[in-house]
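1. Need coordinates for the below:
(one chain, ligands or ions: 1)
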Amino acid sequence: MIKTTYEIIPDGISKRLGVVATTIKSHKGEFLTPDFAINSTYYNYIADMTTAGLKYSFPNNFYELQRQYTPTKLELLSSTSNSAKEQAVHISRIVGEAYDNKDRFIIAVPHFSTEEIVIEGKKKRTSIKELTWEQNKLLIQLYLHSNVIDVISVHPPSSTSPIEDVVDWMKKSREMAKPQGRGDYGFEKEIAPIIDLSVKPKYFKNLIERLISEKFRFFTIRHRKLLTKERINQRVYSNLSYIKEKAKEMKYHFHATRVDRRLSVKLPVSMKHILHIFGFNTFCLPPGINRKMRPLLSFGDALHYDGLTLGVMNYVERNQWHRYRTNGFCLSNCPVCKDKTFEQFNVEYDKKDILHIAIKIHEAWESHGIFMDIREAIINDRLEEKINEKYFLEQNMKTLLQIKLKVD
Ligand SMILES: [Zn+2]
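-> Below is the predicted model:
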């Protein structure tokens with residue numbers, strides 16, 4: 001039996017919809033789910049806002065520590081000549097990124113990004129498709145040395161490796177994360193296998209079942225689009241449906257990574273709320289765009305997360321919803337738009353390079369508040385009533401999930 005300091009506590013389930021609320025209890029404290037996990041991009045936003053004279057922090061309980069690796073970057077870290085210095089820099093970055101004055105539950109996720117390389121004069125895009133054990137070991141060691149992480153997400157050798165190979169790989173990874181008696185790591189970290197949402201449903205189900213039989217409880221699921229050209233991707237749908245059933249046991253934690261902001265252009269419901277209905281506990285967006293690459297948005301073009309409807313819409317669409325219901329007030333409690341109308345928000349941020357940031361700070365705060373409301377509704381078995389108030393989620397319950405809400 002593996003000794004662990006993490007407990008997943010079942011708090012409630014909405015009886016008919018089977019949607020869950022849990023708490024993770026650890027030596028750091030108690031972390032309530034569902035919740036929207038922030039990433040380092042949000043700290044950069046705060047830094048930018050501070051420069052602009054505004055000081056904020058986030059109430060969110062979860063943090064996804066995202067580090068991006070291209071083949072070259074991983075090669076550089078692995079090479080013996082550079083390793084000592086490079087790794088020291090790398091570890092200090094990891095620690096710095098995860099440091100905050102609030103105790104958060106930290107899930108580390110290495111992301112593999114593409115890079116352009118030139119072979120015989122031709123440009124070619126490439127990314128890490130297969131991982132060697134040495135590379136995996138190095139990534140785990142870096143995260144272990146950072147000493148602040150709760151869950152280390154581990155990539156399988158490849159997304160199609162035989163199930164037993166993946167299980168052995170994950171078990172070996174877990175062995176590494178056990179306290180070595182050196183005192184510096186202190187407590188045991190959890191290993192979360194990373195599983196792609198677009199793999200074949202039989203493989204997806206069998207792999208998770210096998211990992212559960214080996215006592216894995218945390219899973220990092222790489223999100224993939226549920227709709228392609230407005231049609232349901234059957235593989236993704238089947239895999240989501242499997243998680244929905246498994247989540248009802250309330251013994252596991254499903255973290256969704258690289259989540260889209262909305263389902264699609266035609267169905268602009270916030271994707272994290274759809275994933276929550278499918279049993280996920282925490283949700284994180286992909287790494288943000290580099291500050292210098294960020295386009296200068298105008299208020300009208302930007303997409304806003306809307307707490308009233310749970311849609312992600314532009315200004316005109318959002319204003320239509322709010323005009324008669326709230327007299328044009330956003331109603332969010334976030335520090336960016338608290339007590340402001342859209343008009344006032346617009347005057348303050350339009351065409352400024354902090355507009356994009358203000359919208360994301362709003363999204364992090366507002367999603368957290370909405371999820372805490374939803375959590376209460378689950379515990380009191382009033383979730384259907386709550387969803388019924390949220391136009392876009394309610395619409396998609398019928399069309400996408402074929403669930404008709406019962407509200408009395
Ligand atoms: Zn707001």
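2. In three-state terms, label residue 249 for me.
-> At residue 249 the chain is in coil, as set by DSSP: H, G, I helix; E, B strand; the rest coil.
3. That one and residue 368, how far apart?
-> 25 Å (Cβ to Cβ, to the nearest Å). Glycine gets a C-beta too; all of them are placed from N, C-alpha and C.
4. more crowded one of the two?
-> It is residue 368, of residue 249 and residue 368, that has more neighbours when counted by other Cβ atoms under 10 Å, with 23 against 12.
5. Per-residue pLDDT of residue 55, please?
-> Confidence at residue 55, expressed as pLDDT, is 70.
6. show me the contacts for it.
-> Residue 55 makes contact with 46, 49, according to Cβ atoms under 8 Å, 6 or more residues apart in numbering.
7. again, 10 Å this time
-> Residue 55 makes contacts with 46, 49, 335, as judged by Cβ atoms under 10 Å, 6 or more residues apart in numbering.
8. The second one: how many residues sit nearby?
-> Each residue near residue 49 was counted by other Cβ under 10 Å, and the total is 18.
9. State the helix or strand in which it lies.
-> Using DSSP states H and E, residue 49 sits within helix 40-51.
10. how about that helix as PDB, C-alpha atoms only?
-> The C-alpha coordinates for helix 40-51 follow below in PDB (Å, rounded to 0.1, in the frame of the first residue of the first chain):
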ATOM      1  CA  SER A  40       1.800  31.400 -15.100                       C
ATOM      2  CA  THR A  41       0.300  33.500 -17.900                       C
ATOM      3  CA  TYR A  42      -2.000  35.000 -15.200                       C
ATOM      4  CA  TYR A  43       1.000  36.000 -13.100                       C
ATOM      5  CA  ASN A  44       2.400  37.800 -16.100                       C
ATOM      6  CA  TYR A  45      -1.000  39.500 -16.500                       C
ATOM      7  CA  ILE A  46      -0.800  40.600 -12.900                       C
ATOM      8  CA  ALA A  47       2.700  42.000 -13.400                       C
ATOM      9  CA  ASP A  48       1.500  43.900 -16.500                       C
ATOM     10  CA  MET A  49      -1.500  45.300 -14.500                       C
ATOM     11  CA  THR A  50       0.800  46.300 -11.700                       C
ATOM     12  CA  THR A  51       2.900  48.200 -14.200                       C
END
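11. tilt between the next helix or strand after it and helix 40-51?
-> For helix 40-51, the following helix or strand on the C-terminal side (DSSP H and E) is strand 62-69. Orientation note: strand 62-69 sits at an angle of 100 degrees relative to helix 40-51 (axes from the mean of the first three to the mean of the last three Cα atoms, to 10 degrees).
12. Please identify the buried residues of strand 62-69?
-> Buried residues in strand 62-69, counting neighbours by 16 or more other Cβ atoms under 10 Å, are found at 62-67, 69.
13. One more: stretch 274-294?
-> Within stretch 274-294, the residues that qualify as buried are 274-288, counting by 16+ other Cβ under 10 Å.
14. so what's the closest residue to residue 40 other than its chain neighbours up against?
-> What sits nearest to residue 40 in space, not counting adjacent residues and going by Cβ to Cβ, 6 or more residues apart in numbering, is residue 97, at 4.7 Å. Residues in contact with residue 97 (Cβ under 10 Å, 6+ apart) are 39-40, 43, 63, 65-67, 106, 108, 146, 148.
15. next one: residue 71
-> With Cβ under 10 Å, 6+ apart, residue 71 has these contacts: 112-115, 117, 126-129.
16. rerun that using 7 Å as the cut-off
-> Shown in contact with residue 71 (Cβ atoms under 7 Å, 6 or more residues apart in numbering): 115, 126-128.
17. are any of these buried, and which?
-> The buried subset of the contacts of residue 71 (16+ other Cβ under 10 Å) comprises residue 128.
18. Please tabulate the contacts of residue 71 in JSON lines and include pLDDT, secondary structure and distance to the ion as additional columns.
-> Shown next, in JSON lines, are these (pLDDT from 0 to 100; DSSP: H, G, I helix; E, B strand; the rest coil; distance: Cβ to the ion, whole Å):
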{"residue": "115", "pLDDT": "88", "secondary structure": "strand", "distance to the ion": "36"}
{"residue": "126", "pLDDT": "88", "secondary structure": "strand", "distance to the ion": "40"}
{"residue": "127", "pLDDT": "87", "secondary structure": "coil", "distance to the ion": "35"}
{"residue": "128", "pLDDT": "89", "secondary structure": "coil", "distance to the ion": "37"}
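19. Residue of the stretch 51-200 of the chain nearest the ion, please.
-> The ion sits closest to residue 56 of the stretch 51-200 of the chain, with a gap of 10.9 Å, by Cβ to the ion.
20. burial count for that residue?
-> 17.
21. So it is in contact with residue 49, correct?
-> Yes. If you go by Cβ atoms under 7 Å, residue 56 and residue 49 touch, sitting 5.9 Å apart.
22. Run through the residues of this structure sitting next to the ion.
-> 332, 334, 337, 362 (Cβ under 5 Å from the ion).
23. Surely the second one and residue 360 touch.
-> So that's residue 334. No. Counting by Cβ under 7 Å, residue 334 does not reach residue 360; the two are 10.4 Å apart.
24. Pull up the overlap in contacts between those two.
-> With Cβ under 7 Å, 6+ apart as the test, residue 334 and residue 360 reach no residue in common.
25. Grab the nearest non-local neighbour of residue 195.
-> residue 221 (5.7 Å).
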